[in-house]
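A.B. asks: missing the sequence, but the structure's below:
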């Protein structure tokens with residue numbers, strides 16, 4: 001089985017690329033499932049087919065589903081939410097507010113993940129394509145099973161998983177018992193652990209970043225790349241959408257973007273005159289990106305960033321292009337390293353998003369070792 005996850009800033013073409021990849025896989029004869037876990041749920045628009053909350057057959061080898069956590073709760077788990085809400089209502093809280101409180105932070109991600117686990121386990125799909133929320137939320141979403149599983153085994157009450165917000169209401173309700181009972185009945189921690197093992201198995205799952213030719217979406221993708229490295233999720237490809245091959249300035253910018261993601265492979269798709277919608281146009285989009293290659297190929301399987309934390313220092317190691325023959329200028333600004341490389345082909349500006357733990361640190365030293373830049377940050 002292969003799981004291919006697409007994420008990117010809204011408007012980059014993440015959803016159409018997910019749909020196009022799924023179509024390309026299905027046409028190669030793979031039994032393929034396309035899952036939308038993005039609350040925007042635009043795969044119906046892209047495919048020009050009403051998908052809905054249940055698995056629907058799109059072509060002979062392609063099924064699709066739009067996961068709606070609120071629908072899943074109302075269908076299978078309404079009793080637990082009603083029980084939690086009732087305990088608040090019994091304390092004098094208005095019913096409408098009680099239901100809002102019952103949906104604690106993280107609950108929608110939880111029920112989405114339960115559904116993803118369910119469809120993966122129950123159906124014998126060879127390839128699964130996940131259209132995820134925008135980059136910043138996607139990585140938290142993918143790491144959620146590990147967070148839930150590891151924390152759940154160390155804490156006496158499931159309520160504690162929902163942070164201080166949950167604790168604030170604990171004295172006035174009995175929902176901890178309801179939630180702990182829910183865990184016991186559904187074996188949720190084991191299921192979430194299994195799902196996390198799939199998502200972090202680099203022979204099974206690949207995360208692909210979707211961006212456009214603008215600094216904002218590129219920075220967004222690079223932030224997701226760093227987070228993926230921290231969470232142990234393999235990023236094997238960058239898709240650059242909406243490329244105007246007639247614009248010389250854009251072509252130069254395209255090459256700079258590719259160098260910014262070095263050593264990750266990048267693929268590009270030209271800007272289409274019409275909106276990408278329907279099976280045929282999505283089939284063309286898949287061809288523009290992958291040509292005759294199998295979209296389920298693992299295109300890259302290395303850590304882009306190596307991060308070592310030791311007391312008051314963080315050592316960040318990563319490959320840079322033209323390392324041997326470059327003059328480097330490295331500066332730190334908040335959560336970013338601003339790197340300028342001057343080499344025989346010109347000047348390259350590269351930005352590396354740092355882990356949050358490094359925000360208050362300063363550059364202690366930097367050096368090039370075996371074509372890699374080693375930067376030590378210190379508190």
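C.D. replies: Yep, that arrived. Every value quoted in this text rests on a predicted model; they were computed, and no experiment measured them.

A.B. asks: by contact count, what packs against the host helix or strand of residue 221?
C.D. replies: Element membership for residue 221 (DSSP states H and E) is helix 215-231. With contacts taken as 3 or more Cβ pairs under 8 Å, 6 or more residues apart in numbering; DSSP states H and E, helix 215-231 sits against strand 2-8, helix 135-154, strand 205-211, strand 235-243, helix 248-260, strand 305-310, strand 346-353. Backbone N, C-alpha and C define where each C-beta goes, glycine included.

A.B. asks: looking at the ones you listed, which is closest to residue 117?
C.D. replies: Minimum separation from residue 117 across the helices and strands packed on helix 215-231 (Cβ to Cβ) falls at helix 135-154, 8.2 Å.

A.B. asks: quick one: average pLDDT of the closest one?
C.D. replies: Throughout helix 135-154, pLDDT has a mean value of 60.

A.B. asks: The closest residue to residue 307 other than its chain neighbours pairs with what?
C.D. replies: Leaving aside its sequence neighbours, residue 307 sits nearest to residue 316 (Cβ to Cβ, 6 or more residues apart in numbering; 5.8 Å). Per DSSP bridges, residues listed as beta-bridge partners of residue 316: residue 307, residue 375.

A.B. asks: Okay, helices next: where are they in the chain?
C.D. replies: For the chain, the helices defined by DSSP state H cover 14-27, 43-47, 69-76, 78-89, 95-102, 107-122, 135-154, 163-169, 175-186, 188-199, 215-231, 248-260, 279-290.

A.B. asks: Show me what the second one is packed up against.
C.D. replies: Helices and strands touching helix 43-47, by 3+ Cβ pairs under 8 Å, 6+ apart, are helix 14-27, strand 62-66, helix 279-290.

A.B. asks: average pLDDT for stretch 274-293?
C.D. replies: pLDDT averaged over stretch 274-293 gives 91.

A.B. asks: Equivalent analysis for stretch 215-222, please.
C.D. replies: Averaged over stretch 215-222, pLDDT sits at 89.

A.B. asks: neighbouring contacts of it?
C.D. replies: Outside stretch 215-222, the residues that touch it by Cβ atoms under 8 Å, 6 or more residues apart in numbering are 8-9, 11-12, 134-136, 209-212, 238, 257, 260-261, 351-353.

A.B. asks: which sections of the stretch 201-350 of the chain are below the confidence cut-off?
C.D. replies: Across the stretch 201-350 of the chain, residues meeting the criterion (pLDDT under 70) sit at 323-326, 343-346.

A.B. asks: Can you give me the end-to-end span of stretch 358-367?
C.D. replies: Between the opening and closing residues of stretch 358-367 there is a gap of 18 Å (Cα to Cα, to the nearest Å).

A.B. asks: now it, how far from the centre of its chain.
C.D. replies: Averaging C-alpha positions (Cα atoms, centre = their mean, to the nearest Å) puts stretch 358-367 27 Å from its chain's average.

A.B. asks: can you pull the buried residues of it?
C.D. replies: Neighbour-count burial for stretch 358-367, counted by 16 or more other Cβ atoms under 10 Å, picks out 358, 361.

A.B. asks: Also stretch 272-289?
C.D. replies: Residues of stretch 272-289 classed as buried by neighbour count (16+ other Cβ under 10 Å): 276, 279, 281-282, 284-286, 289.

A.B. asks: Could you do stretch 18-26 as well?
C.D. replies: For stretch 18-26, by 16+ other Cβ under 10 Å, it's 18-26.

A.B. asks: from the residues you listed, which is closest to residue 69?
C.D. replies: Residue 69 lies nearest to residue 18 out of the buried residues of stretch 18-26, by Cβ to Cβ, at 18.8 Å.

A.B. asks: what's near enough to touch that closest one?
C.D. replies: Residues in contact with residue 18 (Cβ under 8 Å, 6+ apart) are 6, 34, 36, 43, 129-131.

A.B. asks: Could you check how far it is from residue 252?
C.D. replies: From residue 18 across to residue 252, the span is 29 Å (Cβ to Cβ, to the nearest Å).

A.B. asks: Same check on residue 25?
C.D. replies: 33 Å.

A.B. asks: How about residue 69?
C.D. replies: Between residue 69 and residue 252 the distance is 43 Å, computed by Cβ to Cβ.

A.B. asks: Likewise for residue 133?
C.D. replies: For residue 133, the distance to residue 252 - Cβ to Cβ - is 32 Å.

A.B. asks: and residue 294, how many neighbours?
C.D. replies: The local packing of residue 294 (other Cβ atoms under 10 Å) involves 12 other residues.

A.B. asks: burial count for the nearest residue to it once chain neighbours are set aside?
C.D. replies: The spatial neighbour of residue 294 that comes closest, neighbours along the chain excluded (Cβ to Cβ, 6+ apart), is residue 28 at 6.4 Å. Number of residues near residue 28 (other Cβ under 10 Å) recorded here: 14.

A.B. asks: Look up the pLDDT of residue 28 for me, please.
C.D. replies: At residue 28, the model reports a pLDDT of 96.

A.B. asks: I'd like the domain boundaries of the chain, if you could list them.
C.D. replies: With domains defined by automatic domain parsing, the chain comprises 2-290, 305-378.

A.B. asks: ok, the closest residue to residue 263 other than its chain neighbours - contacts?
C.D. replies: Among residues not flanking residue 263 along the chain, residue 319 sits closest, at 5.1 Å (Cβ to Cβ, 6+ apart). By Cβ under 8 Å, 6+ apart, residue 319 lies in contact with 262-263, 304, 371-373.

A.B. asks: Farthest pair within the residues you listed?
C.D. replies: 304 and 371 (13.7 Å).
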